[in-house]
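**Student:** I need the structure of the sequence given here:
(one chain, ligands or ions: 1)
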Amino acid sequence: MSDGTLDAVDRANAVQQVAPPELWDADVDESSGEVREIHRRAACSVPARFTVLASSSSGNSSAILHETDDGLRVTLIDCGLSPRRTNKYLETLGASNECIDRIVITHFDSDHFNSGWVNAMPRHGRFVIHKGHRGVAGRRGALTRRTDIFEDRFELAHGVFGQAMLMKHDDLGTAAFRFDFAINSERTASLGYATDIGSPSQALARMLTGVDVLAIESNYCPVLQEGSDRPIFLKRRIMGGSGHLSNSESAAMVRAIGPRRAVVLLHLSRDCNTPEAAAVEHAPEIDAGLYELVVASPHEPTDVIHLMTK
Ligand SMILES: [Zn+2]
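**Tutor:** This is a model prediction of the structure:
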């Protein structure tokens, strides 16, 4: 797949399509039914920060950090790192596994869901999973009374609104997300998260349009992939539309989405990609100052990115 072909693959790829989130509430006079005032929903406990703890086929996990009256709270997106390694990384950010309130799962491949979390989840913590993943979640021990199930729209936490779209990836698909943070009456922030999405999608690009921060996979360089000594079936699986995005497909998605502040490239193949090959696809946008580019590492957390400007 090359640039500019999003529409061509879209019909087959996007399972769902949803409109932008509704962050507005109406204040209605109960006796007359008249709308007195329309205002944004109540503030959530942000400012929020975002970091990719690590990302590769050996393990993926990202963290949204919220400052609250009770201290620093954590939402993980995927838990493909061991609990011990996750705790080590969170400690560098002033948090720990005990601060985790919820873990949102994109899908249940072992590089996104480490089974150690079934026992390591804090007592108050909740798994948040897509409806289509209930079966696999049950088999992996993540379907309990502390599991929340979403389909397309959901309130992740107070004032944090999630939208999900199930994308083609292997058999069960992967959930891609947009999270909108209603900070106060004037300020919002948004985060897009799309990994293991199979192929580019115009519908997903629409859902993620104009997010402040976009984390998106940029898995492989086609030249390195073709030239690798990987078995043919694996190359087909990765490049066949239900595996991963190449660097150019990822960059085409970024252009279609138009993120406002920062792009974080996820899930680079260690055999078939390099940070330089992934980054060069974004050179015109970086030169033009359109966004900051961060390439996630398999080995260490990225710098923390503020989801809202001060
Ligand atoms: Zn993966």
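**Student:** In contact with the residue nearest to Pro275 when sequence neighbours are not counted, which residues?
**Tutor:** Distance criterion CB to CB, 6 or more residues apart in numbering; nearest residue to Pro275, sequence neighbours excluded, is Val295 at 4.4 Å. Heads up, the C-betas are built off the backbone N, CA and C, glycines and all. Residues near Val295 by CB atoms under 8 Å, 6 or more residues apart in numbering: 218, 264-265, 268, 275, 278-279.
**Student:** residues in this structure within reach of the ion, list them.
**Tutor:** Proximity of the chain to the ion is confined to 111, 196 under the rule CB under 5 Å from the ion.
**Student:** What segments of the chain are helices?
**Tutor:** Counting by DSSP state H, the chain has helices at residues 6-13, 83-92, 117-120, 134-139, 202-208, 222-227, 232-239, 247-257, 275-280, 283-287.
**Student:** low-scoring stretches of the protein, by residue?
**Tutor:** Applying pLDDT under 70 to the chain flags residues 1-30, 32-47, 170, 183-187, 227, 238, 241, 309-310.
**Student:** and the closest residue to Ala164 other than its chain neighbours, what are its bridge partners?
**Tutor:** Leaving aside its chain neighbours, Ala164 sits nearest to Ala175 (4.6 Å; criterion: CB to CB, 6+ apart). Beta-bridge partners for Ala175, by DSSP bridges, are Leu166.
**Student:** pretty sure Ala175 is in contact with His107, am I right?
**Tutor:** Yes - look at Ala175 against His107 with CB atoms under 8 Å: they come within range, at 6.8 Å.
**Student:** what's around the residue in the stretch 151-300 of the chain that the ion sits nearest to, how many residues?
**Tutor:** Across the stretch 151-300 of the chain, no residue is closer to the ion than Asp196, which sits at 4.5 Å (CB to the ion). Asp196 sits with 28 neighbouring residues when counted by other CB atoms under 10 Å.
**Student:** ok, and the closest non-adjacent residue to Leu245?
**Tutor:** Spatial nearest neighbour of Leu245, excluding adjacent residues (CB to CB, 6+ apart): Glu217 at 5.3 Å.
**Student:** so who does the one you found touch?
**Tutor:** By CB under 8 Å, 6+ apart, Glu217 lies in contact with 194-197, 244-245, 250, 265-267.
**Student:** From Leu266, how far out is Val280?
**Tutor:** Taking CB to CB, to the nearest Å as the measure, Val280 falls 17 Å from Leu266.
**Student:** So for those two, which residue has more residues nearby?
**Tutor:** Set side by side, Val280 and Leu266 show more neighbours around Leu266, with 26 against 13, by other CB under 10 Å.
**Student:** what is that one paired to in the beta sheet?
**Tutor:** For Leu266, the beta-bridge partners are Glu217 (DSSP bridges).
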